[in-house]
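> Have a look; sequence and predicted model below, questions after that.
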Amino acid sequence: MPRLLVQGGTAPIEVFDVVGVAQNVIQVRSAFLFELGEELSVQIEQDGSVSEATARVRAHLGSADIRTTELEISERSEPRLLASR
């Protein structure tokens, strides 16, 4: 599964637990509830590479205690090697 971080401030912030990926839709869980249609600048880390993209909140599914949020990914940059931490 990829790691998805929200860009902002001085460093990307991890607020999502990725639970599924299907083409350009990533299903996540989060303690935060974002508004439908809200767009976030995100960083996607996967298989040793990283890219930037726009994630639009498409839907909230399930009950409040097990809510899954669908994010539609667009404007994704070309992946580049992830720098060592």
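Good, I have the coordinates.
> so what strands line up beside the biggest strand by length in the chain?
Criterion DSSP state E: the longest strand present in the chain is strand 49-61. Strand 49-61 has the following strand partners under DSSP bridges: strand 39-46 (antiparallel), strand 68-74 (antiparallel), strand 80-81 (antiparallel).
> Looking at those strands, which is nearest to G8?
strand 39-46 (7.1 Å; Cβ to Cβ). The way it works is simple: take the backbone N, C-alpha and C, and place the C-beta from them, glycine included.
> Can you give me the buried ones in the closest one?
In terms of neighbour count (16 or more other Cβ atoms under 10 Å), strand 39-46 has its buried residues at L40, V42, Q43, I44, E45.
> In contact with the last one: list those residues for me.
What it means is E45. By Cβ atoms under 8 Å, 6 or more residues apart in numbering, E45 lies in contact with P2, R3, L4, L5, L82.
> right, and V19 touches V28 too?
Yes: here V19 reaches V28: they are 6.4 Å apart, a contact under Cβ atoms under 8 Å.
> the more surrounded of the two?
V28 (20 against 12; other Cβ atoms under 10 Å).
> Since that was my last question, I'll sign off now.
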